[in-house]
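Asks: Fold the stuff below for me.
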Amino acid sequence: METAHADAKLHVATGGKAGGGMTYAPYNLNAKKFFNQYQSITFEQVHSDWLPQLDGKSGLALDVGAGSGRDAAALADRGWDVVAVEPAAGLRELGQNATKDKSIQWIDDQLPDLNQVRKLSYRFNLILVSAVWMHIPPTARERAFRILAELLAPGGMLVVTLRHGPGDGERVFYDVSREELEAFAKHRALIPVALPTGRNDDELKRPEVSWETFAFRLADDGTGALPTVRHIIVNDNKSSTYKLGLLRALVRIADGAPGLALNRSDDWVELPLGAVGLFWIMLYRPLILKHHLRQAPGAGGYGFAKEDFFKLQDFSPLDFRVGMRLSADVAPVVLRAVRDACANILKNPAHFTTWPGSNRPIFDGGSARVTIKNEPARLDKATLSQFGTFRVPSFLWDAFSRYACWIEPAIVNEWIGLMSGWDVRYSMDVYHLGLQWVEGRRDTSAVRQLVEQQLQAGKVECIWTARNLKDKRFDVDHCFPWSRWQNNDLWNLMPSTHTANAAKSEKLPADSLLKQSRPRVLNWWDQAILGSVREEQFFSEAEAALPLLGQRRTVEGVFEGMLQQRLRLKTNLQLAEWLGV
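Replies: Numbers count the residues shown, from 1 in each chain. From the prediction side, this is the model:
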């Protein structure tokens, strides 16, 4: 069972302090001592009680309190991808250095909130909370347990170790009990996993300290999100396609642009209202202006389709991409069309999409007065925030992110059913074409041009093989495969040899390969994008797509965001990995 070295893995912190005034400063000051102590005992010694439950399985694991990275490393060696959470910077640095060659993503975060982890919208097959629970004040434990339960994937297992015994005079340990933990699990509908009962002696031979281990499983989704989504798609009354349009816009943002989220609480994720409006017109523009498909019965017009919406007929779909800079003649038209869409969204689908069996709206939002000038503008987070805010229940937002590949086809299928019922003149192919996402084609032209420019000036390396590219003999590779995640952002497009690109095909680069390629990726961005007219677009696109990037506009931050996105795609889509040529 767990040992004294893990006591130092402190995770309840606000401004560097935990409950009872305890700080993790000692763990930074004496990081090397604690690191050596952690490593002195093996993962197998500490966790023998529940290890049989792994039974050769692998998946995505969360180590809450990673300390030296011992447990995370052992899981990675068993084939797991691991997110390691550690708030003590000194320990985190040592642990990160010790595990840099393993599939482990390190994050500065802590219970009870786990704010950074929740921004990623991951669901974990295993969550390990080892020698942490006694650091959490009793008043914060129910919330901490709820958040942990919400992070579990269906069938996922939560393992918690409890330390019994007095404090050491320096740190504050709260009393813990089996009864409390089992009550929390019952309330969250987690199923106990049978483990050896009773307490185990402390591995450091302290007679006054003993340990217990508990494990729980989530039998299904556990949040009620998927039945709610299904209700909106299939069962909710619809006099138009508006509810489906709103739902699909939100799913698209959660899957492709989660970095646009402004704030997250336990209950709500707050988005720029302008982002919802922008994605709305991206959906409806081809349906109405190109394919002339009815979006409601009868021959009436649409509340959002005003003069500026019809002017979008003359623009390219690329004019609406997040991060794009719009010229002075295009920007006012697009922004006014977004404003009209926002007003219609709040008035209609947001108001009438209600919880099953009630008249209470699921979504919430409010508009803000925005002045649209005849000048250039960029469709970034700041611009889209000027229109107001839109709030999505947190558990639904997580479902949109995790299950987008399942939810979106269900929306499209229902949407086609509605349209074909209102107008039978068209074939199914026309309906599918009209509902194709505006970025439904690969577009590497901008980066291809950048490669050609750099080749004229000097050398360009293949990011996968380090070979020097030759003019007209190179490819531009979607780092994360286009067929499974349609993203043409500058940060996702990489110079590559034809051979490497063909070998990679539609696979996801392995964690080790992407980390090996880091110097070449950073060099490419520095060489071709930083200091150029594309720099603002590069960071705006990355800010929208990579949820932990925020305002940290550095290429190192973008690369860390790529590592997190790689893990998200592997987990959510179960993509095959490529180890290189």
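
Asks: Every contact and neighbour count from this point should use C-alpha atoms.
Replies: Noted.

Asks: contact partners of stretch 216-230?
Replies: Stretch 216-230 has contacts (Cα atoms under 8 Å, 6 or more residues apart in numbering) with 149-150, 152-159, 185, 188-193, 355-356, 395-396, 399, 407.

Asks: Return the subset of those residues lying in helices.
Replies: 149, 150, 185, 395, 396, 399, 407 (DSSP state H).

Asks: For the contacts of stretch 216-230, I'd like a selection string for ChimeraX - just the buried members, please.
Replies: Command for ChimeraX, covering only those of those found buried under the criterion 16 or more other Cα atoms under 10 Å:
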select :149,150,152,153,155,156,157,158,159,185,188,189,190,191,192,355,395,396,399,407
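
Asks: Any regions of this structure where pLDDT drops low?
Replies: Low-confidence regions of the chain, defined by pLDDT under 70, span residues 1-27, 167-171, 202-205, 439-441, 471-472, 550-551.

Asks: Name the single longest strand found in it.
Replies: strand 152-164 (DSSP state E).

Asks: Find the pair from the ones in helices among the contacts of stretch 216-230 with maximum spatial separation.
Replies: Maximum pairwise distance in the ones in helices among the contacts of stretch 216-230, criterion Cα to Cα, is 28.6 Å, between 185 and 407.

Asks: the residue most distant from the middle of this protein, which is it?
Replies: residue 207 (44.3 Å; Cα atoms, centre = their mean).

Asks: Give me the distance between that one and residue 200.
Replies: 11 Å (Cα to Cα, to the nearest Å).

Asks: So which residue is smack in the middle of this structure?
Replies: Short answer for the chain (Cα atoms, centre = their mean): residue 120, at 3.1 Å.

Asks: Not counting its neighbours along the chain, what's nearest it?
Replies: Excluding its sequence neighbours, the residue lying closest to residue 120 (Cα to Cα, 6 or more residues apart in numbering) is residue 547, at 6.4 Å.

Asks: That neighbour touches residue 256, doesn't it?
Replies: No. Contact criterion Cα atoms under 8 Å: residue 547 and residue 256 do not qualify, at 10.0 Å.

Asks: out of the two, which sits in the busier spot?
Replies: The neighbour count for residue 547 versus residue 256, taken as other Cα atoms under 10 Å, is higher for residue 547 (22 against 19).

Asks: For residue 522, give me its contacts.
Replies: Here residue 522 is in contact with 555, 556, 559 (criterion: Cα under 8 Å, 6+ apart).

Asks: For the stretch 251-400 of the chain, which segments are assigned as strands?
Replies: With strands called from DSSP state E, counting those that start in this stretch, the stretch 251-400 of the chain shows them at 263-264, 268-272, 325-326, 364-367, 377-378, 388-393.

Asks: Include distance to residue 229 when you put the ones you listed into a markdown table, please.
Replies: Rendered in a markdown table, the data for those read as follows (distance: least, Cα to Cα, whole Å):
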| stretch | distance to residue 229 |
| --- | --- |
| strand 263-264 | 20 |
| strand 268-272 | 16 |
| strand 325-326 | 34 |
| strand 364-367 | 16 |
| strand 377-378 | 32 |
| strand 388-393 | 12 |
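
Asks: for those strands, which one sits closest to residue 511?
Replies: strand 263-264 (28.1 Å).

Asks: Alpha carbons only: can I get stretch 446-465 in PDB?
Replies: Output of stretch 446-465 as PDB, limited to C-alpha atoms (Å, rounded to 0.1, in the frame of the first residue of the first chain):
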ATOM      1  CA  ALA A 446      -1.200  28.600 -47.800                       C
ATOM      2  CA  VAL A 447       1.400  26.400 -46.200                       C
ATOM      3  CA  ARG A 448       2.600  25.000 -49.500                       C
ATOM      4  CA  GLN A 449       3.200  28.600 -50.600                       C
ATOM      5  CA  LEU A 450       5.200  29.200 -47.400                       C
ATOM      6  CA  VAL A 451       7.300  26.100 -48.000                       C
ATOM      7  CA  GLU A 452       8.100  27.200 -51.600                       C
ATOM      8  CA  GLN A 453       9.100  30.700 -50.400                       C
ATOM      9  CA  GLN A 454      11.400  29.200 -47.700                       C
ATOM     10  CA  LEU A 455      13.000  26.800 -50.300                       C
ATOM     11  CA  GLN A 456      13.900  29.700 -52.500                       C
ATOM     12  CA  ALA A 457      15.600  31.300 -49.500                       C
ATOM     13  CA  GLY A 458      17.300  28.200 -48.200                       C
ATOM     14  CA  LYS A 459      16.600  24.900 -46.400                       C
ATOM     15  CA  VAL A 460      13.300  23.300 -45.200                       C
ATOM     16  CA  GLU A 461      13.400  20.100 -43.200                       C
ATOM     17  CA  CYS A 462      10.800  17.400 -43.100                       C
ATOM     18  CA  ILE A 463       9.500  17.500 -39.600                       C
ATOM     19  CA  TRP A 464       9.200  13.700 -39.500                       C
ATOM     20  CA  THR A 465      12.500  12.700 -41.000                       C
END
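
Asks: what comes up buried for that stretch?
Replies: 447, 448, 451, 452, 454, 455, 460, 461, 462, 463, 464, 465.

Asks: with these in mind, which one is nearest to residue 71?
Replies: Distance to residue 71 across the buried residues of stretch 446-465 (Cα to Cα) is lowest for residue 464, with 30.3 Å.

Asks: quick one, what contacts the closest one?
Replies: 496, 500, 513, 517, 580.

Asks: which pair in these spans the largest distance?
Replies: Between any two of the contacts of residue 464 (Cα to Cα), the greatest distance is 13.9 Å, for 496 and 513.

Asks: and those two? which has more neighbours close in?
Replies: Taking other Cα under 10 Å, residue 496 and residue 513 do not tie; residue 496 has more neighbours (27 against 16).

Asks: before we move on, back to that, in helices only, show me the contacts of residue 464.
Replies: Filtering those for helices - DSSP H - leaves 500, 513.

Asks: Export the contacts of residue 464 to JSON lines and append columns for distance to residue 174.
Replies: Listed next are the contacts of residue 464 as JSON lines, based on distance: Cα to Cα, whole Å:
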{"residue": "496", "distance to residue 174": "55"}
{"residue": "500", "distance to residue 174": "55"}
{"residue": "513", "distance to residue 174": "43"}
{"residue": "517", "distance to residue 174": "45"}
{"residue": "580", "distance to residue 174": "49"}
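
Asks: from the contacts of residue 464, which is closest to residue 142?
Replies: Using Cα to Cα, the contacts of residue 464 come closest to residue 142 at residue 513, 40.1 Å.

Asks: quick one on the thing from earlier: mind putting the ones in helices among the contacts of stretch 216-230 into CSV with distance to residue 432?
Replies: Listed next are those as CSV, based on distance: Cα to Cα, whole Å:
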residue, distance to residue 432
149, 38
150, 35
185, 44
395, 29
396, 26
399, 24
407, 16
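
Asks: from the residues you listed, which single one is nearest residue 32?
Replies: Nearest to residue 32 among the ones in helices among the contacts of stretch 216-230, with distances taken as Cα to Cα, is residue 149, at 32.7 Å.

Asks: The closest one and residue 189 touch, don't they?
Replies: No. The criterion here is Cα under 8 Å, and residue 149 misses it with residue 189 at 9.0 Å.

Asks: ok, and the closest non-adjacent residue to residue 121?
Replies: Closest to residue 121 by Cα to Cα, 6+ apart is residue 398, at 5.3 Å.

Asks: what do you get for residue 368?
Replies: Per Cα to Cα, 6+ apart, closest to residue 368 is residue 388, 4.6 Å.

Asks: go on, residue 521?
Replies: Nearest one to residue 521, counting by Cα to Cα, 6+ apart, is residue 463 at 6.0 Å.
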